[in-house]
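K.L.:
Structure, please.
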Amino acid sequence: MRTHIISLRLLSAFSLFVLLALAACGSQTSTSSVTSSSTLAPKVVAPITDVYGTAVAVPKTAPQRIVSLSASTSEILAALNLQDKIVGVDSFTNYPASLTSVKKISDAMGNYNVEQIVALKPDLVVSDNGLTKSVDSQLSKLGIIVADLPGANLDQAEVQILSLGELTHTQATAQKVVGQMKEQISSIEKQVQGTAAPKVLLEVDDSTPGKPYVFGGGSFGDDLLQDAAANNIFHSNTENGGFPQVADEAVIAANPQYIILTEDPKYGGDPNLVYKRNAWKGIAAVVAHHVYHVNTDLLQRPTPRLAEGLRCIAQIVHPDKFSGPLPSYCS
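P.N.:
Take a look at the predicted model:
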């Protein structure tokens, strides 16, 4: 795997997703009539449960020293206006820009420095999707509150935001963030409602030639495609918690009309490289030059910016429903 955020995410997450993905993320039958997966009322958070099924105690007072082990949780904390409480972040945290100067507690290979984390004296450590299982365990044994929250699909991403709001005593802000996210999603759904749903491949990673990783059923990418009135060609494949590795033959047989890449272009998410995949030359999307790349951070992190990722997908597959060029944040 390539040494950047999604490859490290896949490397550590795929084996965990098989065991940890919730049963509620199972597949649904794709049809050309797409049903909304969002409502405007933010979900109420019950007792907070982490990705391992363990209850997480809410600190009695608002945490003042927070360490984030993933770029996703860093973004969410920033959306909750907690930048000044974050004392450590992983090496891939890059949004918002103000967090790039915060102490890094991991390297580019995804190795975390537990001693360094402890030295920062955090009163809360957060992560997502079991990506930091070993670190979580070590820190928990030292008596540090660790919240590694599920976020494999869109519903879980929203609950994750609300849960972090509870844990950081910023419930009102979290409710507002999720409410705005749902409003954005609902607005886009209405714009594409009633349109024919084209077949789409949403690719995660092509680090193994001929066997790309894709967004399958039970993933937030699959949810976004449904909300964008598009049919995910791997909707019925829920392997690896919704992030299956598939063969070229499966892609060719499904014959997608659009191919959307989410990997960083410098690591392979370049449409020009797709046109050079000899086995894919007859695929409808390739023939029609309907191969696109969307900002990796928008579509590979379960954060409030998933709503922006949805806008990008919806406009790519239904350009007649939107005016003007793709928003600049899409690239």
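K.L.:
only C-alpha atoms for contact and neighbour calcs from this point on.
P.N.:
Noted.
K.L.:
Domain-wise, how is the protein divided?
P.N.:
Structural domains assigned to the chain are 5-36+187-330, 66-184, following automatic domain parsing.
K.L.:
contacting residues around Phe243?
P.N.:
Phe14, Tyr213, Val214, Phe215, Gly216, Gly217, Ser219 (C-alpha atoms under 8 Å, 6 or more residues apart in numbering).
K.L.:
Out of those, which two sit at the greatest distance?
P.N.:
Using C-alpha to C-alpha, these reach their maximum pairwise distance at Phe14 and Gly217, which is 14.0 Å.
K.L.:
Which one of the two is surrounded by more residues?
P.N.:
Gly217 (29 against 21; other C-alpha atoms under 10 Å).
K.L.:
just to revisit the earlier point, same list, the domains of the chain, but as TSV with mean pLDDT please.
P.N.:
Output for these, formatted as TSV (pLDDT from 0 to 100):
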stretch	mean pLDDT
domain 5-36+187-330	86
domain 66-184	96
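K.L.:
Quick one: closest of these to Ile48.
P.N.:
Among the domains of the chain, domain 66-184 comes nearest to Ile48, with 6.4 Å by C-alpha to C-alpha.
K.L.:
what's the first-to-last distance across that closest one?
P.N.:
By C-alpha to C-alpha, to the nearest Å, the extent of domain 66-184 from end to end equals 29 Å.
K.L.:
Between the contacts of Phe243, which sits nearest Ile188?
P.N.:
Ser219 (19.1 Å).
K.L.:
Gln156 is in contact with that closest one, correct?
P.N.:
No: using C-alpha atoms under 8 Å, Ser219 makes no contact with Gln156, being 9.7 Å away.
K.L.:
These two - which one has more neighbours?
P.N.:
Ser219 (27 against 20).
K.L.:
Name all residues that make contact with that one.
P.N.:
Cys25, Ala152, Asn153, Leu154, Gly241, Gly242, Phe243.
K.L.:
The fourth one contacts Gln226, doesn't it?
P.N.:
What it means is Leu154. No: judged on C-alpha under 8 Å, Leu154 makes no contact with Gln226 at a distance of 11.1 Å.
K.L.:
all helices of the stretch 1-150 of the chain, in order?
P.N.:
5-20, 71-79, 114-119, 133-141 (DSSP state H, counting those that start in this stretch).
K.L.:
again with the stretch 201-331 of the chain
P.N.:
For the stretch 201-331 of the chain, the helices defined by DSSP H, counting those that start in this stretch occupy 220-227, 239-242, 248-254, 271-274, 284-287, 296-299, 306-317.
K.L.:
Of the ones you listed, flag the one that's most buried.
P.N.:
helix 220-227 (a mean of 26; mean count of other C-alpha atoms under 10 Å).
K.L.:
Export it to CSV, keeping only CA atoms.
P.N.:
Provided in CSV are the C-alpha atoms of helix 220-227 (Å, rounded to 0.1, in the frame of the first residue of the first chain):
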residue,chain,number,x,y,z
PHE,A,220,-20.5,6.3,3.4
GLY,A,221,-19.4,6.3,-0.2
ASP,A,222,-22.3,4.0,-1.0
ASP,A,223,-24.7,6.2,0.9
LEU,A,224,-23.5,9.3,-1.0
LEU,A,225,-24.0,7.6,-4.3
GLN,A,226,-27.6,6.8,-3.4
ASP,A,227,-28.2,10.3,-2.2
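K.L.:
Need the contact partners of that helix.
P.N.:
Looking at what lies outside helix 220-227 - C-alpha under 8 Å, 6+ apart - the contacts are 34-37, 152-154, 157, 185, 188-189, 200, 202, 215-216, 231-232, 235, 299, 302, 309-310, 313-314.
K.L.:
Of those residues, keep whichever come out buried.
P.N.:
Neighbour counting over those (16 or more other C-alpha atoms under 10 Å) leaves 34, 36, 152-154, 157, 185, 188-189, 200, 202, 215-216, 231-232, 235, 299, 302, 309-310, 313-314 as the buried ones.
K.L.:
Inside strands: which ones of these?
P.N.:
Val200, Leu202, Asn231, Asn232 (DSSP state E).
K.L.:
Tell me the one among those nearest to Lys60.
P.N.:
Leu202 (42.0 Å).
K.L.:
roughly how far apart are that closest one and Ala285?
P.N.:
Here the criterion is C-alpha to C-alpha. By it, Leu202 lies 12 Å from Ala285.
K.L.:
okay, and the common contacts of the two?
P.N.:
With C-alpha under 8 Å, 6+ apart, Leu202 and Ala285 have common neighbours Ile259.
K.L.:
Need the CA coordinates for stretch 71-83. PDB is fine.
P.N.:
Taking C-alpha atoms only, stretch 71-83 is exported to PDB below (Å, rounded to 0.1, in the frame of the first residue of the first chain):
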ATOM      1  CA  ALA A  71      -7.500  13.400  10.300                       C
ATOM      2  CA  SER A  72     -11.300  12.800  10.400                       C
ATOM      3  CA  THR A  73     -11.700  13.300  14.100                       C
ATOM      4  CA  SER A  74      -9.400  16.400  13.900                       C
ATOM      5  CA  GLU A  75     -11.800  17.900  11.300                       C
ATOM      6  CA  ILE A  76     -14.800  17.200  13.500                       C
ATOM      7  CA  LEU A  77     -13.200  18.700  16.600                       C
ATOM      8  CA  ALA A  78     -12.400  21.800  14.600                       C
ATOM      9  CA  ALA A  79     -16.000  21.900  13.400                       C
ATOM     10  CA  LEU A  80     -17.000  22.000  17.000                       C
ATOM     11  CA  ASN A  81     -14.700  25.000  17.500                       C
ATOM     12  CA  LEU A  82     -12.200  23.100  19.700                       C
ATOM     13  CA  GLN A  83      -9.000  24.000  17.900                       C
END
